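[1] take this sequence and fold it.
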Amino acid sequence: MISQPNRHCTVELQALPSRIGQVRRIVSAQLRYWHLDPLIEMAALGVTELLTNVHRHAGPDKLCTVEIELLSGTLRVSVHDHDPRLPEVRDADPLATCGRGLAMIAAVSESWGVRPHGEGKVVWFALPATAASMAIAPYPVYATHPARRTDTHERKVAPHAPARSAVAG
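    All right, here's what the predicted structure looks like:
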């Protein structure tokens, strides 16, 4: 049995709103390249939340590194910044417009965490990339029931393949 090689991608950036969208597109494209399409939405959501936290809470130095790594059936997304303050999951007021990011990451990920690193920290989350979690649900084939068909021509309906985009927003 040949083991799957380690897959790794790193992006350095300033966590500014205009750059966050670019990183989402980079992460989406990289996961598409690795054939991990079912993880794109959750990974893009998680990296957006982590980068937004850097933008909102890190001091004037908003420089950070986003790292995505696939190893042993797990996709791990991490963000390293230079702010030593560790984030905490908190209960957000129902009318609050912010404060739910880490709780959302905890809800959609297999695991997540934070650890001091150098003069800053790393916040990460993991998503399962096993065969079972990667199975794409088949698209339904819509055909008229034979007893209800109104036309006299025989129609063959082919299964639809999922649409793929080069860039996801």
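
[2] and stretch 41-51, what's its mean pLDDT?
    The pLDDT scores in stretch 41-51 average 94.

[3] mind listing what's buried in it?
    By neighbour count on 16 or more other Cβ atoms under 10 Å, the buried set for stretch 41-51 is 42-51. Using the backbone N, CA and C atoms, a C-beta is placed for each residue, glycine as well.

[4] ok, of those residues, which one's closest to Ala103?
    Ala103 lies nearest to Glu49 out of the buried residues of stretch 41-51, by Cβ to Cβ, at 9.6 Å.

[5] what packs against the helix or strand hosting that closest one?
    Assigned by DSSP states H and E, Glu49 belongs to helix 40-57. Contacts defined by 3 or more Cβ pairs under 8 Å, 6 or more residues apart in numbering; DSSP states H and E place helix 40-57 against helix 17-33, strand 63-71, strand 74-81, helix 101-108, strand 120-128.

[6] deepest of those, which one?
    Burial of the helices and strands packed on helix 40-57 is given as mean neighbour count (mean count of other Cβ atoms under 10 Å); strand 74-81 ranks first at a mean of 22.

[7] helices or strands up against it?
    By 3+ Cβ pairs under 8 Å, 6+ apart, strand 74-81 packs against helix 40-57, strand 63-71, strand 120-128.

[8] dump the ones you listed into a markdown table; add distance to Arg32 as well.
    Shown next, in a markdown table, are the helices and strands packed on strand 74-81 (distance: least, Cβ to Cβ, whole Å):
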| stretch | distance to Arg32 |
| --- | --- |
| helix 40-57 | 7 |
| strand 63-71 | 12 |
| strand 120-128 | 15 |
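
[9] so which of these is nearest Leu13?
    Minimum separation from Leu13 across the helices and strands packed on strand 74-81 (Cβ to Cβ) falls at strand 63-71, 6.5 Å.

[10] with just CA atoms, put that closest one into CSV.
    Output in CSV follows, covering the C-alpha atoms of strand 63-71 (Å, rounded to 0.1, in the frame of the first residue of the first chain):
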residue,chain,number,x,y,z
LEU,A,63,0.6,40.2,9.4
CYS,A,64,-0.3,36.6,9.6
THR,A,65,0.3,33.2,7.9
VAL,A,66,-2.5,30.8,6.8
GLU,A,67,-1.4,27.2,6.5
ILE,A,68,-3.5,24.3,5.1
GLU,A,69,-2.2,20.8,5.4
LEU,A,70,-3.7,17.4,4.5
LEU,A,71,-2.2,14.5,6.4
